[in-house]
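**Student:** Got a sequence here, can you build the structure:
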Amino acid sequence: MVWKPILLSIFVCFMGTQVQVATAVDLHVETVVEELEFPWGLAFLPSGEALITLKKGRLVKVDLNTGKQTEITGLPESTVRGQGGLLDVELAPDFEKSSWIYLTYSVAKGWGYTTELARAKLQGNTLEQVEILFTAKAEGFGGRHFGSRLAFDHEGYLYMSIGDRGDRDKSQELNHHHGKIVRLHADGRVPKDNPFLNQPGALPEIYSYGHRNPQGMLYDMQSKRLWLHEHGPKGGDELNLVERGANYGWPLVTFGREYSGLKITDQTEMEGVVSPAFQWTPSIAPSGIMMVDSPLFPDWQGDILVGALKFQLVTRVEMDGTKAVGENRFLQLGHRIRDIKQGPDNALYVITDSGLGQLWRITPK
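**Tutor:** Below you'll find the model as predicted:
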């Protein structure tokens, strides 16, 4: 392990206007493990170890004290396709009793590829009783926009994000899973109070729609709120508070443009569409999200941390309830950030996105 003391320069950003503030905080950045081949998802076991998914289809258990990696066997089959592969990992709320872990991944189906959800019991270093719970009706031949993050709420419902697969108009169509958040029971059953359950032609799993490519999702147990962020096109990355049955507008409204620079739409807001709590233009390419409740960071309580792939940093969105009031950017160390979580020791843990990815532990100096 390597300690890297760094200086945290703080920037405050209000709707695109950035001002440097003469404030600095010392942080320790400790490299817990190196040479992770494209890590994607991160979850912590009650033992204090970490589970990390590797995009090419491997799952490893990491000792947070020694950095030792142990291979987990018995995974469901996944397919590497562009941005797809083995994606998120999450523990069941009753994991200590049930041993269930949940995985999302891309898989070949029919004429294309889509996102799938499975669960299995973690027994030692092996996954047993693997069950495929849900296969998204979001097939596409390309390798873009699979999503996909997982979060459990206070009642044990499971939420899963699915990207638009590059077929943007289907994000507005309720007979597809493209660009949707789905809500399920822990065993994959559809809850009887899902918002579109009785709507003709609508898929019953859908909880919200009009998303582009959500790669960060969290559930705040204290306020009972579901948050996500999603990639915009060229500009217009969004932080959204997810509401039951709501439309988030893609591609009818956006702050972004086509990658060519042409307009997608003139609309940035619309009646019947939920506006973002915060948006990033230019795009930071967000990935991974957490809400701070660590006593190690008392001034950050209730704020949302978001990793950035393109901008290679972590940004702290200062929150006042559901309102974003500012932004501070840090960990600008030249690494694409794939996921960020608060660990069992209340430190922050970050995984970086590369063929030689790393797991960092972040603490105040």
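**Student:** Stretch 295-306: which residues count as buried?
**Tutor:** Phe297, Trp300, Asp303, Ile304, Leu305, Val306 (16 or more other Cβ atoms under 10 Å). Bear in mind the C-beta positions are built from the backbone N, C-alpha and C, glycine included.
**Student:** who's in contact with the last one?
**Tutor:** When contacts are counted by Cβ atoms under 8 Å, 6 or more residues apart in numbering, Val306 is found next to Gly216, His229, Leu239, Ile284, Pro286, Gly288, Ile289, Val314, Thr315, Val317, Ile340.
**Student:** Name the member of these with the most neighbours.
**Tutor:** His229 (31 neighbours; other Cβ atoms under 10 Å).
**Student:** That residue bridge partners, please.
**Tutor:** Counting by DSSP bridges, His229 forms beta bridges with Gly216, Leu239.
**Student:** in which helix or strand would I find the nearest residue to Ala136 once chain neighbours are set aside?
**Tutor:** Spatial nearest neighbour of Ala136, chain neighbours left out: His177 (4.1 Å); criterion: Cβ to Cβ, 6 or more residues apart in numbering. Here His177 sits in a region with no helix or strand, counting by DSSP states H and E.
**Student:** again, but for Thr315
**Tutor:** Assigned by DSSP H and E, Thr315 belongs to strand 313-320.
**Student:** Need the CA coordinates for that strand. PDB is fine.
**Tutor:** Output of strand 313-320 as PDB, limited to C-alpha atoms (Å, rounded to 0.1, in the frame of the first residue of the first chain):
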ATOM      1  CA  LEU A 313     -11.800  13.600 -10.500                       C
ATOM      2  CA  VAL A 314     -14.400  13.400  -7.700                       C
ATOM      3  CA  THR A 315     -16.900  16.200  -7.300                       C
ATOM      4  CA  ARG A 316     -18.900  17.000  -4.200                       C
ATOM      5  CA  VAL A 317     -22.300  18.400  -4.800                       C
ATOM      6  CA  GLU A 318     -23.300  20.500  -1.800                       C
ATOM      7  CA  MET A 319     -26.900  19.700  -0.900                       C
ATOM      8  CA  ASP A 320     -29.500  21.600   1.100                       C
END
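**Student:** which element follows that strand toward the C-terminus?
**Tutor:** Counting by DSSP H and E, the next helix or strand C-terminal to strand 313-320 is strand 323-330.
**Student:** CA atoms of that following strand as PDB?
**Tutor:** Output of strand 323-330 as PDB, limited to C-alpha atoms (Å, rounded to 0.1, in the frame of the first residue of the first chain):
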ATOM      1  CA  LYS A 323     -31.500  21.400  -3.600                       C
ATOM      2  CA  ALA A 324     -27.900  21.500  -4.900                       C
ATOM      3  CA  VAL A 325     -26.300  24.700  -3.800                       C
ATOM      4  CA  GLY A 326     -22.700  24.300  -5.000                       C
ATOM      5  CA  GLU A 327     -19.900  22.000  -6.200                       C
ATOM      6  CA  ASN A 328     -16.400  21.300  -5.100                       C
ATOM      7  CA  ARG A 329     -13.900  19.200  -7.200                       C
ATOM      8  CA  PHE A 330     -11.000  17.200  -5.900                       C
END
